[in-house]
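Trainee: Sequence first, predicted model second:
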Amino acid sequence: MTAVWALLAPMPLLIVVSALASGSETALFSLTRADRDSIRRRAPTAAAAVDELLSRPSRLLVLILLVNMLTNVAYFVLGAVASTQTESAGMSAAIGVGSVIMIVLFGEVLAKLLARTARAPFCALLAPLILALRSALSPILTLIEHGAMRPAHKLSGGDREPSEGGSRDLLGVIHESLNAGELSEDEGRLLQGVIDLGSARAADVMTPRVDTPWVRVSGTREDVLEAVRDGAGERAPVCDDSPETRVVGLLDVRAYLEAPAAIARVATFTSRALYVPETAPLDAVFEQMRATGASQAVCVDERGIFVGVVRPEDIAEELVDGLTQTVDEQDGGVRLVGLGAWTASGSAPLRDLRSLLGPDVEPRRGARTLGGMIHTVLGRVPSEGDVLKIGDAEVEVTGVDGPRVDRVIIRIVPHEADAE
């Protein structure tokens, strides 16, 4: 029996290693540009490690899969040997079934969920270690890439070799051109925006549902007119009558309003919409919109529930954000009004406020704006004078417009360590 326990003892450690490998893959490949900016502000060394790892994604993926595979093989070998060493049939079955459940539950499912939820802190902690491991295993990774991946790529009909430098090489060319005076600073920022477009997600630029005029499929002409007054364009999302608010298509507003009121039905003038996950890369969303000629894309969460819309102008704004953005020009602009105090609009996207609220602040129940987060935290319609804590900051509602939050004041709450 002592031999059995000696075989079982290392297995929890192997589960931890497997969980870190699985979580690293999820966290690193789901980082948004806002996440990377947050890491860069709080941990520059870790941010440099993240940039280096993601500059060669194929090598990073090979490393993670290699570590995960070796760890899982060792885990199951130990479990199999331990189950054969015990004389009890019940104990043998428990080891066999329990080992599978433990590795799936803790090494995969929970690890990926936690890494997805706290991807920025996860990457800030592990990226330097992963980079060091990549350097140590560089000869093995090179052998796998050149000896297996590239031949397989050619056999599968691939028309190009895996990129060695990727965006890192392009950024290097831009940097050299800036230093040589061949590019202006604004041109450099614009090119940087093009490269960064691939790391942005649909959720980063979408107009949240709370700010998007939409109508029910059973809606009346007055409902459509109200949506128009609220800013609906030529196409407005049409939702079903379920509590989940699922989009069934886009309403041709002009055609509907021009039709005789007696026969006009929302469903009759509703056409198919382009649906994209809120986590979809922004460049992929743009390509789908270009290919289909869609005037907007409907963003849905993992349950298929409507969370916002993306329009071409949203993508264009993200592209030139670094070129034209100033805090006073933004609709949700943040302005310093005192020592440690800022004023902001309730429509300010949460992703733009992470430097104030903290990198761990994540959207709740589809809330993508500061006002939406305040609604969610309070659990009611906010009132002027409401004060609440969001992340690292104290937020005071200073103005409301009906049920919507108009203006707030954000005050940084010092940490105990900072106060000392």
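Mentor: Thanks, I have the structure now.
Trainee: Could you list the domains of the protein?
Mentor: Annotated domains of the chain cover 1-155, 164-198, 202-320, 334-412 [the TED database].
Trainee: would a markdown table of those with mean pLDDT and mean neighbour count be doable?
Mentor: Bear in mind the C-beta positions are built from the backbone N, C-alpha and C, glycine included. Listed next are the domains of the chain as a markdown table, based on pLDDT from 0 to 100; neighbours: other C-beta atoms under 10 Å:
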| stretch | mean pLDDT | mean neighbour count |
| --- | --- | --- |
| domain 1-155 | 85 | 17 |
| domain 164-198 | 59 | 14 |
| domain 202-320 | 85 | 17 |
| domain 334-412 | 82 | 18 |
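Trainee: Name the single longest helix found in this structure.
Mentor: In the chain, taking DSSP state H as the definition, the longest helix is helix 57-85.
Trainee: Show me what it is packed up against.
Mentor: Helix 57-85 sits against helix 2-8, helix 11-29, helix 89-104, helix 119-136, helix 138-144, with contacts defined as 3 or more C-beta pairs under 8 Å, 6 or more residues apart in numbering; DSSP states H and E.
Trainee: Let me have the ones you listed in CSV, extended by distance to Asp401.
Mentor: Putting the helices and strands packed on helix 57-85 into CSV (distance: least, C-beta to C-beta, whole Å) gives the following:
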stretch, distance to Asp401
helix 2-8, 62
helix 11-29, 38
helix 89-104, 49
helix 119-136, 32
helix 138-144, 56
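Trainee: nearest to Gly372, of those?
Mentor: helix 119-136 (20.5 Å; C-beta to C-beta).
Trainee: how far out from the middle of the chain is the closest one?
Mentor: 19 Å (C-alpha atoms, centre = their mean, to the nearest Å).
Trainee: just use 51 as the starting number from now, easier for me
Mentor: OK, 51 is where the count begins now, so the last one is helix 169-186.
Trainee: Output that helix in CSV with nothing but the alpha carbons.
Mentor: C-alpha atoms of helix 169-186 as CSV (Å, rounded to 0.1, in the frame of the first residue of the first chain):
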residue,chain,number,x,y,z
ARG,A,169,-6.8,36.8,-17.6
ALA,A,170,-4.8,40.0,-16.9
PRO,A,171,-3.5,39.1,-13.4
PHE,A,172,-3.0,35.5,-14.6
CYS,A,173,-0.8,36.6,-17.5
ALA,A,174,1.0,39.2,-15.4
LEU,A,175,2.0,36.4,-13.0
LEU,A,176,2.9,33.6,-15.4
ALA,A,177,4.1,35.3,-18.6
PRO,A,178,7.7,35.8,-17.3
LEU,A,179,7.9,32.1,-16.2
ILE,A,180,6.5,30.9,-19.5
LEU,A,181,9.0,33.0,-21.5
ALA,A,182,11.8,31.6,-19.4
LEU,A,183,10.5,28.0,-20.1
ARG,A,184,10.3,28.8,-23.8
SER,A,185,13.9,29.9,-23.9
ALA,A,186,15.0,26.8,-22.0
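Trainee: which residues touch that helix?
Mentor: Contact with helix 169-186 is made by 70, 73-74, 76-78, 80-81, 85, 88-89, 92-93, 95-97, 99-100, 102-103, 109-110, 113-114, 117, 164-165, 191, 409-410, as judged by C-beta atoms under 8 Å, 6 or more residues apart in numbering.
Trainee: before we move on, what about stretch 75-84?
Mentor: 100, 103-104, 107, 110-111, 114-115, 118, 161-162, 165-166, 168-170, 172-173, 176-177, 180, 246, 249-251, 253-254, 329, 401-402, 404.
Trainee: same deal with stretch 289-296?
Mentor: Contacts for stretch 289-296 (C-beta under 8 Å, 6+ apart): 259, 264-268, 297-298, 350, 353-356.
Trainee: Would you mind putting those residues into a markdown table with distance to Ala394 and secondary structure alongside?
Mentor: Converted to a markdown table, these look like this (distance: C-beta to C-beta, whole Å; DSSP: H, G, I helix; E, B strand; the rest coil):
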| residue | distance to Ala394 | secondary structure |
| --- | --- | --- |
| Arg259 | 20 | helix |
| Trp264 | 26 | coil |
| Val265 | 30 | strand |
| Arg266 | 32 | strand |
| Val267 | 36 | coil |
| Ser268 | 37 | coil |
| Val297 | 29 | strand |
| Val298 | 35 | strand |
| Val350 | 28 | strand |
| Arg353 | 30 | coil |
| Gly354 | 32 | coil |
| Ile355 | 27 | coil |
| Phe356 | 26 | strand |
